[in-house]
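Engineer: sequence unavailable; structure follows:
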């Protein structure tokens, strides 16, 4: 099988969740520059670049399962993903596990909606994973404000968000990959059992880190200018605005028990995430 985005937050967790099963499948890690990132005889690397369509078919040769995700910087879904899915058909891929997002089935504005449609139209069997808000965002896009200013700075107002730990996404993805017949042509919302505002997340961070963390609900212009000053690329700033601002105007997202049902384990809570990543969240 081929894992795209193999060196990213989710790709690494998918591979980690598959590593206990070396007798059941061989993993090909799709990376832009193969340099043996994973250092394992069980995991091989192949050149796969979302912005270079000539890399698709060679990477997919001999593969029966594709774990597919959308890099944040790619917003033109049809332009970039139609060639990938076409190459998957040519190479007779049997199963695509696509990392979508919660609400992709009803929100036609987001790129994931278009990608889901392209996968369905291909006729290839699929499993759509629709995760909630990543807890690991506090270790990536939100980390600079958290470490340097002890704040969460987002245009989210009092909107409530469902949450999921990326480790749970990796576990569900592994189940779908290892047992495709049980998850064929299914779509799964992936959340834990918490519905929290960023103000409430700031309180839990303050308690877990023993450090006051404040939440500042930014207006759009202040947020845009602050992120631009931090060196965040404009397309990424727009993605962050869409992710955090638009939920203010809709109903709170629904909780799901799919993580526990599929993995037979309770999903991580936000409090657990904070406890297990204390050092990373403070430096």
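Structural biologist: Received it, and whenever you're ready, just let me know what you need. Nothing here was measured: the structure is a model prediction, and the numbers come from that model.

Engineer: just the helices in this structure please.
Structural biologist: For the chain, the helices defined by DSSP state H occupy 9-18, 56-60, 77-90, 111-122, 143-149, 166-178, 180-183, 198-209, 220-229, 234-245, 258-263, 270-276, 278-282.

Engineer: beta partners of residue 195?
Structural biologist: Residue 195 has these beta-bridge partners by DSSP bridges: residue 162.

Engineer: hang on, it packs against residue 256?
Structural biologist: No. Counting by Cβ atoms under 8 Å, residue 195 does not reach residue 256; the two are 11.4 Å apart. Bear in mind the C-beta positions are built from the backbone N, C-alpha and C, glycine included.

Engineer: tell me the confidence at residue 238?
Structural biologist: Residue 238 is assigned a predicted lDDT (pLDDT) of 89.

Engineer: how close does residue 203 get to residue 210?
Structural biologist: 13 Å (Cβ to Cβ, to the nearest Å).

Engineer: those two: who's more crowded?
Structural biologist: Taking neighbours as other Cβ atoms under 10 Å, residue 203 and residue 210 compare with residue 203 leading, 16 against 8.

Engineer: residue contacts, that one?
Structural biologist: If you count contacts by Cβ atoms under 8 Å, 6 or more residues apart in numbering, residue 203 has none.

Engineer: distance check, it against residue 214.
Structural biologist: The value you get for residue 203 to residue 214, if Cβ to Cβ is used, is 10 Å.

Engineer: kindly report the same for residue 143.
Structural biologist: 16 Å.

Engineer: then residue 198?
Structural biologist: According to Cβ to Cβ, residue 198 and residue 214 sit 10 Å apart.

Engineer: now do residue 151
Structural biologist: 5 Å.

Engineer: returning to what we had before: now do the shared contacts for residue 198 and residue 214.
Structural biologist: Contact with both residue 198 and residue 214 is made by residues residue 152, according to Cβ under 8 Å, 6+ apart.

Engineer: neighbour count winner among these two?
Structural biologist: Taking neighbours as other Cβ under 10 Å, residue 198 and residue 214 compare with residue 198 leading, 23 against 14.

Engineer: list the residues that contact the more buried one.
Structural biologist: Contacts of residue 198 (Cβ under 8 Å, 6+ apart): 152, 154, 156, 159, 161, 215, 217.

Engineer: rerun that using 6 Å as the cut-off
Structural biologist: Applying Cβ atoms under 6 Å, 6 or more residues apart in numbering, one finds that residue 198 lies in contact with 152, 154, 156, 215.

Engineer: which of those ranks first by neighbour count?
Structural biologist: residue 156 leads those on contacts (other Cβ under 10 Å) with 24 neighbours.

Engineer: the nearest residue to residue 239 once chain neighbours are set aside: neighbour count?
Structural biologist: Distance criterion Cβ to Cβ, 6 or more residues apart in numbering; nearest residue to residue 239, sequence neighbours excluded, is residue 72 at 5.5 Å. Look at residue 72: counted by other Cβ under 10 Å, it has 16 neighbours.

Engineer: and the gap between residue 72 and residue 6?
Structural biologist: In this view, residue 72 and residue 6 are 16 Å apart by Cβ to Cβ.

Engineer: rewinding a little: dump the helices of the chain to CSV, plus distance to residue 100.
Structural biologist: Converted to CSV, those look like this (distance: least, Cβ to Cβ, whole Å):
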stretch, distance to residue 100
helix 9-18, 12
helix 56-60, 20
helix 77-90, 11
helix 111-122, 4
helix 143-149, 25
helix 166-178, 11
helix 180-183, 14
helix 198-209, 23
helix 220-229, 25
helix 234-245, 14
helix 258-263, 13
helix 270-276, 22
helix 278-282, 27
